[in-house]
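Asks: coordinates only, sequence not included:
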């Protein structure tokens, strides 16, 4: 039985964190909205027994799970992308939720005062929010992540335990997104966090991930997604 | 062995979602920062084997877990506040994460452009963000929650299954917070969501919760927390 991923069809967005897990594990899945332009997604948002407030959500049989971190906590053990044991899984979940906070803050850099209005309608507010994000948040988040890698008792190759988990895939995506949206500010931090860069490169070199990134299943970054390149916001 | 809760000592904030779970279950816990004014918390932020990006975090023996939804997913089964079964737990986690999104948006109403600056330094931006939150978000979140209650196959008394879970406690807190911060806008929505109001009242009437709410362990809402009463933001 194939997983069905439901997300907006033209952006990486939050769906990408789930897509990367499915791709890295070689899971059988259908990216439904890219085939029907979101039609089934809009229906299921209302009619699923466990309705989602927003995409992405993942379906397997009659089971539907939404919210990225909840999807990954549920999916990880099925795909071999979670460690064993409640303690390590709680830690993995905590790391993933911290990345989720970073992603939400990255989104708010271009939509600080009105989620439903265009960026052009909040450009000066976006400039101020982005300055704070660049100067106070990117470094703080990435230095914390670097410390997590350094402190891993199994070594700094992966975030949790001695093998790949879904959080490593998400870290890859966070780095790619920050590099796209805030290239100057991000590179300045990454120059001081070599273990993060090594994880990013290790993930990119995984055969299935590498194949995926070159395929047309990987939607390019664009200015409708969460990570947007507006050069004026990179300082 | 007692749980140790670490959070800012003078606000409900995100710590309250964990505190309510501990109180409702009658768990043995110490609210550490209220005894040492946050001293041990600041140390543990750095030195824990699994360091937290931000408070709250909860400690049991040498195990430390941060991020509210991760704490509750880990704690719920220990306290009898989670349903059995991976599917129901994933659904519970999804609901909790949706509440977390609402809480983050409520926070951003008074800090839309700079998390580290004062409200007074971003009042006009806060007014705009609050208008959008009142008009587009409170109703959307609460209507989704009402639908979750109505669609619960075990009946609308609780969010998941036929008994209290940590998400019901969090819903209580969300309702109290919204009523405090946006009394007019919130009451207008709650008039149309009777099942939410019933859950809120059911939680408030639980003997342990009722005792807690009257105790000095419940910190009053104030203008340093997440839910703040700035009348000008309630429209």
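Replies: Structure's in. What do you need? What you see is a predicted model, and the numbers here were worked out from it, not measured in a lab.

Asks: so what touches the helix or strand of chain A with the lowest mean pLDDT?
Replies: Ranking every helix and strand in chain A by mean pLDDT, DSSP states H and E puts helix A:39-47 at the bottom, with a mean of 94. Helix A:39-47 is contacted from outside by A:6, A:7, A:32, A:33, A:51, A:52, A:55, A:57, A:59, A:64, using CB atoms under 8 Å, 6 or more residues apart in numbering or on different chains. Every C-beta, even on glycine, is put in place using the N, C-alpha and C of the backbone.

Asks: one more time with 6 Å, if that's ok
Replies: Helix A:39-47 has contacts (CB atoms under 6 Å, 6 or more residues apart in numbering or on different chains) with A:6, A:32, A:33, A:52.

Asks: could you dump the residues you listed into JSON lines and include distance to chain B and secondary structure?
Replies: JSON lines is the format used below for the contacts of helix A:39-47 (distance: CB to the nearest CB, whole Å; DSSP: H, G, I helix; E, B strand; the rest coil):
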{"residue": "A:6", "distance to chain B": "14", "secondary structure": "strand"}
{"residue": "A:32", "distance to chain B": "19", "secondary structure": "coil"}
{"residue": "A:33", "distance to chain B": "19", "secondary structure": "helix"}
{"residue": "A:52", "distance to chain B": "7", "secondary structure": "coil"}
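
Asks: can you pick the most crowded of the residues you listed?
Replies: Neighbour counts for the contacts of helix A:39-47, by other CB atoms under 10 Å in any protein chain shown, peak at residue A:6, which reaches 27 neighbours.

Asks: report how many residues lie close to residue A:187.
Replies: A total of 11 residues lie near residue A:187 under the criterion other CB under 10 Å.

Asks: that one should be in a helix, yeah?
Replies: Yes. Membership of residue A:187 in a helix is supported by DSSP: H, G, I helix; E, B strand; the rest coil.

Asks: where do the helices sit along chain A?
Replies: Here chain A has its helices, by DSSP state H, at A:15-24, A:33-36, A:39-47, A:68-79, A:86-110, A:123-132, A:138-151, A:166-181, A:183-190, A:194-204, A:207-214.

Asks: now the first one, how far from the chain's geometric center?
Replies: It refers to helix A:15-24. Centre-to-centre, helix A:15-24 and its host chain are 8 Å apart (CA atoms, centre = their mean, to the nearest Å).

Asks: tell me what angle it forms with helix A:194-204.
Replies: Per axes from the mean of the first three to the mean of the last three CA atoms, to 10 degrees, the angle that helix A:15-24 makes with helix A:194-204 is 60 degrees.

Asks: just to revisit the earlier point, got the angle for the least confident helix or strand of chain A vs helix B:138-151?
Replies: Using the same axes, to 10 degrees: helix A:39-47 against helix B:138-151 is 70 degrees.

Asks: return the set of buried residues in helix A:39-47.
Replies: Along helix A:39-47, these residues count as buried under the neighbour rule (16 or more other CB atoms under 10 Å in any protein chain shown): A:41, A:44, A:45.

Asks: what of stretch A:150-163?
Replies: So, applying 16+ other CB under 10 Å, buried residues of stretch A:150-163: A:152, A:156, A:157, A:158, A:159, A:160, A:161.

Asks: give me the distance from stretch A:222-235 to the chain's centre.
Replies: Offset of stretch A:222-235 from its chain centre (CA atoms, centre = their mean): 16 Å.

Asks: anything in that stretch near chain B?
Replies: No. Using CB under 6 Å from any CB of the partner chain, stretch A:222-235 stays clear of chain B, with a minimum separation of 12.5 Å.

Asks: I'd like the mean pLDDT over that stretch, please.
Replies: The pLDDT scores in stretch A:222-235 average 96.

Asks: can you tell me what sits against that stretch?
Replies: In this structure, residues lying in contact with stretch A:222-235 by CB under 6 Å, 6+ apart are A:11-13, A:106-107, A:110, A:130, A:134, A:177, A:180-182, A:184-185, A:221.

Asks: looking at these, spot the one nearest chain B.
Replies: Distance to chain B, by CB to the nearest CB, is smallest for residue A:130 among the contacts of stretch A:222-235, at 9.3 Å.

Asks: what about the nearest residue to that closest one once chain neighbours are set aside, neighbour count?
Replies: Nearest residue to residue A:130 in three dimensions, chain neighbours excluded: residue A:233, at 3.9 Å (CB to CB, 6 or more residues apart in numbering or on different chains). The tally of other residues near residue A:233 (other CB under 10 Å) stands at 21.

Asks: cool, residue A:191 as well?
Replies: Neighbour count for residue A:191, taken as other CB under 10 Å: 9.

Asks: now pLDDT and distance to residue B:73 too, for the contacts of helix A:39-47, in TSV please.
Replies: Below are the contacts of helix A:39-47 laid out as TSV (pLDDT from 0 to 100; distance: CB to CB, whole Å):
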residue	pLDDT	distance to residue B:73
A:6	98	23
A:32	98	27
A:33	98	28
A:52	97	18
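
Asks: could you count how many residues lie near the closest residue to residue A:213 other than its chain neighbours?
Replies: Spatial nearest neighbour of residue A:213, chain neighbours left out: residue A:204 (6.8 Å); criterion: CB to CB, 6+ apart. By other CB under 10 Å, 13 other residues sit near residue A:204.

Asks: can you check residue A:84 too?
Replies: When neighbours are defined as other CB under 10 Å, residue A:84 has 9 of them.

Asks: contacts only, for it.
Replies: Contacts of residue A:84 by CB under 6 Å, 6+ apart: none found.

Asks: tell me the contacts of residue A:13?
Replies: By CB under 6 Å, 6+ apart, the contact set of residue A:13 is A:225, A:226.

Asks: over to residue A:141?
Replies: The contact partners of residue A:141, taken as CB under 6 Å, 6+ apart, are residue A:102.

Asks: quick check: residue A:140 vs chain B, distance?
Replies: 8 Å (CB to the nearest CB, to the nearest Å).

Asks: circling back: as TSV, the helices of chain A with distance to residue B:37 would be great.
Replies: Below are the helices of chain A laid out as TSV (distance: least, CB to CB, whole Å):
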stretch	distance to residue B:37
helix A:15-24	38
helix A:33-36	50
helix A:39-47	46
helix A:68-79	32
helix A:86-110	25
helix A:123-132	27
helix A:138-151	23
helix A:166-181	33
helix A:183-190	32
helix A:194-204	34
helix A:207-214	47
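
Asks: to residue B:19, which of these lies closest?
Replies: Nearest of the helices of chain A to residue B:19, taken as CB to CB: helix A:86-110 at 18.3 Å.

Asks: who are the packing partners of the closest one?
Replies: On a contact count with 3 or more CB pairs under 6 Å, 6 or more residues apart in numbering or on different chains; DSSP states H and E, helix A:86-110 meets helix A:68-79, helix A:123-132, helix A:166-181, strand B:63-66, helix B:68-79.

Asks: do you know which of those lies nearest residue A:143?
Replies: For residue A:143, the closest of the helices and strands packed on helix A:86-110 is helix A:166-181, at 13.3 Å, according to CB to CB.
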